[in-house]
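> 3D, please:
(2 chains)
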Amino acid sequence: MRHLIAIPIIILSVQLQLSIVSRVSLLSGVADLPLVLLAAWALQDGVETAWHWALAAGLLVGFVSAIPVFVPLISYLFVVLIAQLLQRRVWQTPLLAMFVVSLIGTIFLYLFSLVTLSLFGISLPVSESLGLFALPGMLLNLLLAIPMFAIMRDLARWVYPLPEFE
Amino acid sequence: MRNLFSRTLQTTIVFLIAAGIIALALGGYFGPVSGAFSRGLVNLQAWFSSRFVAVQDMLTAPRDVASLRERNAELEAEVAELQAQVIQLQQQVGETEILAALVDFSRANPENTYLAAAVIGRDPSPFLHYVIINRGSNDEIRRGMPVVTNQGLVGRVDAVIADAARVQLITDPASNVNVRLQNAETEASLVGSVTGDLSLELIPQDITIEGGDLVLTSGLGGGYPSDLIVGQVMNTRTRESDLFQQATVQPVVDFNRLQIVLIIVNFTPVDISPLFPSP
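Residues are numbered from 1 along each chain as shown, chains lettered A, B, ... in the order given. Modelled structure (predicted):
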């Protein structure tokens, strides 16, 4: 039943994103709390439900946002994929993996949003979008990465307790 | 392996059931139960938002004192100038009242009815300019209703659930508002941008536009009521090779500090899309 902690945490992260994080901008870029949360969760040892979290967070963000629902959904699933690939390769340095996943995930999300919105007929100047939105957004996500990783590590230990050896 | 598969399947089923319950609740199928749940979520969202605004005000207030004093001096000078204009305008009121009485006969629309709503969130995507408000279909809010403040036009309702709605701001890159320039007496199209800047397009080349010209909604297309204040022209860009000239507009509403908005609930937008031939 501890797996159900995902539902309040994802709802809380989206609410914090809407009410606070989206209003704290650097130039025009903002952090993406659900993305960083998913990256931190997927990198924890023993976590088996990262795909479910990504699915739930992607659908919820897609529901509240005006952006097409598949953009956050695919982006968050991609973040989990990258996290699980990296977790097997650089498992000795989880914080480095956290930074890399946040960075790649943010770039993917912004590029995917740009391409999708362009296909929907919304003109977005690429250089301006990268300079004013993507780079500051990446920086803010990296700043969020460290505390989020620590929180998710504690949560992972609660949901997946380590086996006791006698 | 079989155990892992079984646990994954079990977790997937639990998530799907939870997602289904949430979807049905948001769709309004659970009546009072979902109402209470969504109200709780909206209240929590409003609580987060109000706490954040309070903290933001506390942190930014001391820094703003100097600029506020400067602004106060500017406004006092402006008040003196406006008082002179008031005397002049009072003379014109008599004439206007007669004309207004005539215009009233031709006015089919009644006075606007407003419903206040608090802004409780912003769109997670920085590319899009939308806000979330704490009024929804339970308050008779419908898609397409215009949203204003006491200063001017904000946008229109884009999506609605039971206790909340998403509003597309006029600064959104996908927003397009038919407007008219009060002084130049011409119509144009106001479009937003990804950076939040507003620009006027489709202004005929032979029209003379000056900085400070007031931009109002024209009512064309049926998307917005007419004569809502949008902003003022800042500068124009004219090139002989272009078919139309362009202008940038300073909105009257400060979109970064939107807290309370008014929804015009008695305006029914007209959907003219069936009039366009399909490709």
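
> and B:Asp271, how many neighbours does it have?
Neighbourhood size, B:Asp271 [other C-beta atoms under 10 Å in any protein chain shown]: 11. Bear in mind the C-beta positions are built from the backbone N, C-alpha and C, glycine included.

> which elements pack onto the helix or strand hosting B:Gly231?
Secondary-structure assignment from DSSP states H and E places B:Gly231 in strand B:229-237. Counting contacts by 3 or more C-beta pairs under 8 Å, 6 or more residues apart in numbering or on different chains; DSSP states H and E, the secondary-structure elements packed against strand B:229-237 are strand B:176-181, strand B:198-204, strand B:214-217, strand B:244-251.

> quick one: the helix of greatest length in chain B near chain A?
For chain B, the longest helix by residue count, based on DSSP state H, is helix B:32-106. Yes. Helix B:32-106 reaches chain A (C-beta under 8 Å from any C-beta of the partner chain) through B:41, B:44-45, B:48-49, B:52, B:56.

> just the buried members of these?
B:41, B:45, B:48-49, B:52 (16 or more other C-beta atoms under 10 Å in any protein chain shown).

> just to revisit the earlier point, CSV for the helices and strands packed on strand B:229-237, including mean pLDDT?
As requested, the helices and strands packed on strand B:229-237 are exported to CSV (pLDDT from 0 to 100):
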stretch, mean pLDDT
strand B:176-181, 89
strand B:198-204, 86
strand B:214-217, 88
strand B:244-251, 88
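
> same list (those) but as JSON lines, adding mean neighbour count.
Formatted as JSON lines, those follow (neighbours: other C-beta atoms under 10 Å in any protein chain shown):
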{"stretch": "strand B:176-181", "mean neighbour count": "21"}
{"stretch": "strand B:198-204", "mean neighbour count": "18"}
{"stretch": "strand B:214-217", "mean neighbour count": "22"}
{"stretch": "strand B:244-251", "mean neighbour count": "19"}
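
> residue 85: neighbouring residues, count only.
All of this is about chain A. By other C-beta under 10 Å, 12 other residues sit near A:Leu85.

> wait, I meant chain B there
If we define neighbours as other C-beta under 10 Å, then B:Gln85 has 9 of them.

> pLDDT at residue 155, what is it?
All of this is about chain A. The per-residue pLDDT reported for A:Leu155 equals 88.

> other chain: chain B
In this model, B:Gly155 carries a pLDDT of 93.

> just to be sure, it is in a helix?
No. When DSSP: H, G, I helix; E, B strand; the rest coil is applied, B:Gly155 is found to be strand, with no helix at that position.

> for the closest residue to it other than its chain neighbours, the count of nearby residues, please.
Beyond its immediate neighbours in the sequence, the residue positioned closest to B:Gly155 (C-beta to C-beta, 6 or more residues apart in numbering or on different chains) is B:Leu169, lying 4.2 Å away. Applying the criterion other C-beta under 10 Å, we find 24 residues in the vicinity of B:Leu169.

> quick one: mean pLDDT for the longest helix of chain B?
The predicted model gives helix B:32-106 an average pLDDT of 74.

> partner strands of the helix or strand following that helix, with direction?
Moving toward the C-terminus from helix B:32-106, the first helix or strand encountered (DSSP H and E) is strand B:114-122. Taking DSSP bridges as the criterion, strand B:114-122 forms sheet pairs with strand B:130-133 (antiparallel), strand B:260-264 (antiparallel).

> how far does stretch A:57-77 stretch from start to finish?
Using C-alpha to C-alpha, to the nearest Å, the end-to-end distance of stretch A:57-77 comes to 10 Å.

> same thing with stretch B:215-234?
Start and end residues of stretch B:215-234 are separated by 11 Å (C-alpha to C-alpha).

> how far off centre is that stretch?
Taking the mean of its C-alpha atoms, stretch B:215-234 sits 12 Å from the chain's own mean (C-alpha atoms, centre = their mean, to the nearest Å).

> stretch A:121-129 too?
For stretch A:121-129, the distance to the chain centre is 23 Å (C-alpha atoms, centre = their mean).

> any residues of the stretch 101-250 of chain B in contact with chain A? List them.
When proximity is defined by C-beta under 8 Å from any C-beta, the stretch 101-250 of chain B lies next to chain A at B:120-128, B:130, B:132, B:158-159, B:166, B:168, B:172-174, B:194-196.

> now, the residues you listed that are in strands?
Using DSSP state E, B:120-122, B:130, B:132, B:158-159, B:166, B:168 are the members of these that sit in strands.

> tabulate those (TSV), appending distance to B:Leu220.
Formatted as TSV, those follow (distance: C-beta to C-beta, whole Å):
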residue	distance to B:Leu220
B:Ile120	32
B:Gly121	31
B:Arg122	29
B:Tyr130	24
B:Ile132	29
B:Asp158	20
B:Ala159	24
B:Arg166	25
B:Gln168	18
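
> out of those, which comes closest to chain A?
For these, the minimum distance to chain A (C-beta to the nearest C-beta) is 3.1 Å, reached by B:Gly121.

> got the phi/psi numbers for the residue of chain A at minimum distance from chain B?
For chain A, the residue positioned closest to chain B under C-beta to the nearest C-beta is A:Leu18, at a distance of 3.1 Å. Torsion angles at A:Leu18 (phi, psi; degrees, to the nearest 10) stand at phi -70, psi -40.

> need the phi and psi values for A:Leu162.
Taking degrees, to the nearest 10, you get phi -70, psi 140 for the backbone angles of A:Leu162.

> can you check B:Glu187 too?
Residue torsions, per degrees, to the nearest 10, at B:Glu187 are phi -110, psi 150.

> before we move on, what's the pLDDT of it?
At B:Glu187 the predicted local confidence, pLDDT, stands at 86.

> distance of it from chain A?
In this structure, B:Glu187 lies at 22 Å from chain A, with C-beta to the nearest C-beta, to the nearest Å as the measure.
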